[in-house]
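Visitor: Here is my input; please provide its structure:
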Amino acid sequence: MSKFTVLSLGAGVQSTTILLMSIKGQLPKPDIAIFADTGAESQATYAHLAWLTKLAGENSIPIARIQAGDLKNDILNANELKSSFIVIPAHCINKTGIKSILRRQCTREYKIAPIRHEIRRWLCVTPNERIPSEAVDLWIGISTDEANRMLSYRQNNKWLIPVFPLVNMMPMSRQACLEWLAYYYPNINVPRSACVCCPYQCNNEWQSIKNTSDWDVATSIDNALRNRNGGYITDSMYLHSSCRPLTEVDFRTPEDFGQLVLPDFKIQKLNQFANMEGIING
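Guide: The predicted structure follows:
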């Protein structure tokens, strides 16, 4: 079996940069990119994925969109499904006011495991068939500023090797990715790769969701967490870290109240990328 390269495509800043750098010839082309749809992605993510799929297809990089479950419906319909399993890291508060957070299991259930299953299907191997050691490189969009996250991607399968192009091949931080995108694709706006019900979001991100059609989905999921019948979790659960319903949270920032904030740092690296392109194409 030949060596294959698969890009784990979340359609956020880092994985988008990897894919587009491959199209530009600044990174090798993966054999395939896989987008694992949780069913709770933002509408902006779905629109961006459609654009990426078209562009990648025109450059001989197929994108497979898979879905092993529907996170949104699994939470909204937990009572009908008689499920007591909470996979998202919901914020909890008990009757004495002590706060905690649940363990995050959604990434494994709705992304990591489905991607591995799809790779096996794409390789046309049966469930019990052995894949040769180091047969597949799985590219993961982790940048240099979050390199500590690489430790969570342990090599659990000898045939599947995690590879981090933005750390080991073309070292770039998330900010550098944004600057690269601004230079080569100034007309696109890459959304953050996160479900609309992700409890890890900050107030600015919640405010952004509030201004879109995804807000109704987020608030419905937030309410559903506290309207469950039974289950092993007796604490009240919330999507927001304040342990208050989303509809009651004030997401305004200090600048909204007229406080002085420093202006954004203007991008100054256009010549750098122009030089990079000249070196690559020269």
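Visitor: hey, where'd the helices end up in this protein?
Guide: Counting by DSSP state H, the chain has helices at residues 13-23, 43-58, 71-76, 78-81, 106-107, 113-122, 174-184, 203-210, 214-225, 270-281.
Visitor: Give me the residue ranges of this structure where confidence is low.
Guide: 1, 79-84, 154-156, 230-231, 253-282 (pLDDT under 70).
Visitor: Show me the residue sitting in the middle of it in space.
Guide: Nearest to the mean C-alpha position of the chain, counting by Cα atoms, centre = their mean, stands residue 193 at 3.5 Å.
Visitor: sorry, back to before: how about the helices of the chain, which one is nearest residue 166?
Guide: Closest to residue 166 of the helices of the chain is helix 13-23 (Cβ to Cβ; 5.9 Å). Just so you know, the C-beta spots here come from the backbone N, C-alpha and C atoms, and that holds for glycine as well.
Visitor: now the angle from that closest one to helix 43-58?
Guide: Relative orientation of helix 13-23 versus helix 43-58 (axes from the mean of the first three to the mean of the last three Cα atoms, to 10 degrees): 20 degrees.
Visitor: what does helix 13-23 rub up against?
Guide: 7-9, 27-30, 33, 48, 52, 55-56, 59, 61, 139-143, 165-166, 170, 172, 174, 177-178, 180-181, 184-185, 190, 192-193 (Cβ atoms under 8 Å, 6 or more residues apart in numbering).
Visitor: thinking again about what came up before, I'd say the residue nearest to the centre of the chain and residue 12 touch.
Guide: Yes. Counting by Cβ atoms under 8 Å, residue 12 is a contact partner of residue 193 at 2.6 Å.
Visitor: Now list whatever residues contact both of the two.
Guide: With Cβ under 8 Å, 6+ apart, residue 193 and residue 12 have common neighbours 45, 141.
Visitor: Buried ones in stretch 205-217, by neighbour count?
Guide: Across stretch 205-217, burial judged by 16 or more other Cβ atoms under 10 Å covers 206, 207, 208, 209, 214, 215, 217.
Visitor: Please save the CA atoms from it in CSV.
Guide: Extracted in CSV, the C-alpha atoms of stretch 205-217 (Å, rounded to 0.1, in the frame of the first residue of the first chain):
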residue,chain,number,x,y,z
GLU,A,205,-17.9,35.0,19.8
TRP,A,206,-21.3,34.6,21.5
GLN,A,207,-22.1,38.2,20.4
SER,A,208,-21.2,37.3,16.8
ILE,A,209,-23.6,34.3,16.9
LYS,A,210,-26.3,36.4,18.4
ASN,A,211,-26.3,38.5,15.2
THR,A,212,-26.9,35.5,13.0
SER,A,213,-29.6,32.9,12.4
ASP,A,214,-27.5,30.4,14.5
TRP,A,215,-28.6,32.2,17.6
ASP,A,216,-31.9,30.3,17.7
VAL,A,217,-30.1,27.0,17.5
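Visitor: what does it contact?
Guide: So stretch 205-217 is contacted by 40, 42-44, 72, 192, 194, 196-197, 201, 218, 240, 246, 249, 251-253 (Cβ under 8 Å, 6+ apart).
Visitor: re the thing from before, adding distance to residue 118, write the buried residues of stretch 205-217 out as JSON lines.
Guide: Shown next, in JSON lines, are the buried residues of stretch 205-217 (distance: Cβ to Cβ, whole Å):
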{"residue": "206", "distance to residue 118": "31"}
{"residue": "207", "distance to residue 118": "35"}
{"residue": "208", "distance to residue 118": "30"}
{"residue": "209", "distance to residue 118": "28"}
{"residue": "214", "distance to residue 118": "26"}
{"residue": "215", "distance to residue 118": "31"}
{"residue": "217", "distance to residue 118": "25"}
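Visitor: Thanks a lot, see you next time.
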